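Peer 1: Turn this into a structure:
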Amino acid sequence: MRRVFSNVHHDDDETEINITPMLDVVFIMLIFFIVTASFVKESGIEVDRPSAVTAVVKEKGNILVAITASGQIWVDRRQVDPRAVRANIERLYAENPQGSVVIQADKNSTTEMLIQVMDAARQAGVYNVSIAAQE
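Peer 2: Modelled structure (predicted):
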């Protein structure tokens, strides 16, 4: 009897497709989209804004400051002391110099607190200040 040896090997490992490079590309794209996405910024508390007939939608309001009916001030989702409003606005404005300040004052808040926040924004170097209202 004669034996025939063949050089043909049947490895299942060689027939599989290596998807590691594709996973690397997808992971890098995911990181890119997360880093470049613009996130919705909130002041941190919901206020009952007064209504206005001439209210318009403002697309770029990057620094949101909320004033509650009880006089609390919220910036960047945390409550802030009135003396620290200027420093917080300066910090946020340094991160985005094209941004503006939008003050969301409750309709039962005092005008004095609104003026203090507006003064703090102007002292921080931001002169584009708006007051939020409902349409």
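Peer 1: The protein: helices as residue ranges?
Peer 2: 20-36, 85-95, 111-123 (DSSP state H).
Peer 1: Okay, angle between the second one and helix 111-123 too, please.
Peer 2: Using axes from the mean of the first three to the mean of the last three Cα atoms, to 10 degrees, the direction of helix 85-95 lies 40 degrees away from that of helix 111-123.
Peer 1: Distance to Val102, mean pLDDT and mean neighbour count added to the helices of the chain, as a markdown table?
Peer 2: Bear in mind the C-beta positions are built from the backbone N, C-alpha and C, glycine included. Shown next, in a markdown table, are these (distance: least, Cβ to Cβ, whole Å; pLDDT from 0 to 100; neighbours: other Cβ atoms under 10 Å):
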| stretch | distance to Val102 | mean pLDDT | mean neighbour count |
| --- | --- | --- | --- |
| helix 20-36 | 23 | 85 | 9 |
| helix 85-95 | 11 | 91 | 17 |
| helix 111-123 | 10 | 92 | 16 |
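Peer 1: Any idea which of the ones you listed gets closest to Thr68?
Peer 2: helix 111-123 (9.2 Å; Cβ to Cβ).
Peer 1: Against which helices or strands is that closest one packed?
Peer 2: Other elements packing on helix 111-123 under the criterion 3 or more Cβ pairs under 8 Å, 6 or more residues apart in numbering; DSSP states H and E are strand 63-67, helix 85-95, strand 101-105, strand 129-131.
Peer 1: where's it relative to the chain centroid, distance-wise?
Peer 2: Chain-centre distance of helix 111-123: 23 Å, with Cα atoms, centre = their mean, to the nearest Å.
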